[in-house]
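>>> pasting a predicted model and its sequence here:
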Amino acid sequence: MNVFSFSCEAKTVFKKDKPVGIMSTAVNNQIAVSWEPVSGATGYEIYEAAENLPESAEKRSKYIVVKKTRSCQAVLKEKEAGATYYYYIRAYKKAKNGKITYSRKSAVVSTTVAVEGTSTIKNFLATALVPVGSTMYVWGGGWNEADTGAGPDAKRIGLSPAWRSFAKGKKSSYNYKNYRYKIHKGLDCSGYVGWAVYNVLNTKKNKKGYVYSASKQAKKFSELGFGSYKKANEIENYKAGDIMSSTCSCCGHVWIVVGQCKDGSVVLLHSSPAGVQLNGTVTPKGKKNSQAVKLARKYMKKYYKSWYQKYSKMDRGSSYLSHYGQMRWETTGENAVLSDPDGYRSMSPEKILKDLFDR
């Protein structure tokens, strides 16, 4: 068995278990729902609620089972444009005598089907958040064995359970140099960005991938028709969803913009030692305790407490604001690749983060 291939069947499902890593993404009028396997599950039930039902977990009795599956991913078709759908997953084990034992219910996730028929900037950022705090930085992670492009992990729908398994128990002393090219155990920067892009453009695995050299990734996306590209010295501002590639090929890096604060600092998502995380840049003048850093610290400390306790460095240097080219998604007109019905690109990072974490 390949290390990136997992069965959803094993020996025992305990009532205290529950599916984790649940994710939902909307592409056109389809929604892909994915989760990590529960040990011992015979199958899974996908529960759905329409947008007029409360999001509260206490209201789950109003959710209906829309699909039963033995897989850890399903595509739900013919969804209403503009509608928001809420999902949770429950695993079950069927005994030989027919008795069914259920796991605990997963967390609730939601996604909105865009009116324009494309995925959204919000969906892109929400998807990029899913591996945060549970996926380590691994050199070559997300690439194929030949190191020439996207591997199966960056062309999958949802998280690889191998990522969480590898991250479990890692200490503050974690050194990515000890795991070079253990490509199925985590993600490097371009593998992470490629995985996130794949999941907002596809609902099925193993189609064309989007992993490229970090220093070339933003420009490559522009050449693919995803949006416009600006060189580092041409950048005027940073907006939600922008993809930033280092202009230095010898120390390449790539990251995703969440938003720009009033002091000029930028909140960002990236895979950087020790792993996938939310960080903030310094201000253009080099102030370390910037508004972006404070926001990153607030959300990492609250929602990823165990990760923050081990890897508490939240600031990123001034080079992030001076040595990176920028790809900005085309969101309007017939060439739109993503849309922005939520207005994220004109929203402050404070409001964006509040909206993302309250979804």
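Sure, I can see it.
>>> excluding sequence neighbours, find me the nearest residue to the most centrally placed residue in the chain.
Centroid-nearest residue in the chain: residue 128, 2.4 Å away (criterion: C-alpha atoms, centre = their mean). With sequence-adjacent residues excluded and distances taken as C-beta to C-beta, 6 or more residues apart in numbering, residue 128 is closest to residue 196, at 4.3 Å. (C-beta placed from N, C-alpha, C; glycine too.)
>>> surely residue 299 touches residue 357?
Yes - contact criterion C-beta atoms under 8 Å: residue 299 and residue 357 qualify, at 6.6 Å.
>>> for these two, indicate the residue with more neighbours.
residue 299 (21 against 12; other C-beta atoms under 10 Å).
>>> which element is that one on?
helix 291-303 (DSSP states H and E).
>>> quick check: buried residues in that helix?
291-297, 299-300 (16 or more other C-beta atoms under 10 Å).
>>> go on, stretch 67-85?
In stretch 67-85, counting by 16+ other C-beta under 10 Å, buried: 72-74, 76, 79, 83-85.
>>> what of stretch 255-272?
255-261, 264-272.
>>> what does stretch 187-194 give?
187-194.
>>> go on, stretch 305-322?
307-308, 311, 314-316, 318-321.
>>> would CSV of these with pLDDT and secondary structure be doable?
Output for these, formatted as CSV (pLDDT from 0 to 100; DSSP: H, G, I helix; E, B strand; the rest coil):
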residue, pLDDT, secondary structure
307, 97, helix
308, 98, helix
311, 98, coil
314, 98, coil
315, 98, strand
316, 98, strand
318, 96, helix
319, 96, helix
320, 97, helix
321, 97, helix
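>>> just to revisit the earlier point, which members of the buried residues of stretch 67-85 are positioned in helices?
Assignment to helices by DSSP state H places none of the buried residues of stretch 67-85 there.
>>> quick one: classify the residue nearest to the centre of the chain as helix, strand or coil.
helix (DSSP: H, G, I helix; E, B strand; the rest coil).
>>> how near is it to residue 194?
11 Å (C-beta to C-beta, to the nearest Å).
>>> kindly report the same for residue 211.
4 Å.
>>> what is in contact with those two at once?
142, 150, 154, 217 (C-beta atoms under 8 Å, 6 or more residues apart in numbering).
>>> now the helices for the stretch 1-150 of the chain?
With DSSP state H, counting those that start in this stretch as the criterion, the stretch 1-150 of the chain has helices at 121-129.
>>> point out where it drops to low pLDDT.
1-14, 51-60, 117 (pLDDT under 70).
>>> spell out, range by range, the strands that occur in it.
Per DSSP state E, counting those that start in this stretch, the stretch 1-150 of the chain carries strands over the ranges 23-27, 30-34, 43-49, 64-69, 73-76, 84-94, 100-105, 109-112, 119-120.
>>> each with direction, which strands does the shortest one pair with?
Taking DSSP bridges as the criterion, strand 119-120 forms sheet pairs with strand 338-339 (parallel).
>>> what is the mean pLDDT for the helix or strand just after the strand it pairs with?
Following strand 338-339 in sequence order, the next helix or strand is helix 349-357 (DSSP H and E). Helix 349-357 shows a mean pLDDT of 97.
>>> now do the end-to-end distance for stretch 252-268.
16 Å (C-alpha to C-alpha, to the nearest Å).
>>> quick check: the nearest residue to residue 213 once chain neighbours are set aside vs residue 272, distance?
With sequence-adjacent residues excluded and distances taken as C-beta to C-beta, 6+ apart, residue 213 is closest to residue 252, at 6.2 Å. Distance of residue 252 to residue 272, given as C-beta to C-beta: 12 Å.
>>> who touches residue 247 in this structure?
Residue 247 neighbours (C-beta under 8 Å, 6+ apart): 215, 231-232, 323-325.
>>> give me the buried entries from those residues.
Among the contacts of residue 247, the ones that count as buried (16+ other C-beta under 10 Å) are 215, 232, 323-325.
>>> list the contacts of the residue nearest to residue 213.
189-190, 213-216, 245-246.
>>> so which of the residues you listed belong to strands?
245-246 (DSSP state E).
>>> let's see which of the contacts of residue 252 end up in helices.
Checked against DSSP H, the contacts of residue 252 include these in helices: 189-190, 214-216.
>>> name the element residue 255 belongs to?
Counting by DSSP H and E, residue 255 is part of strand 254-260.
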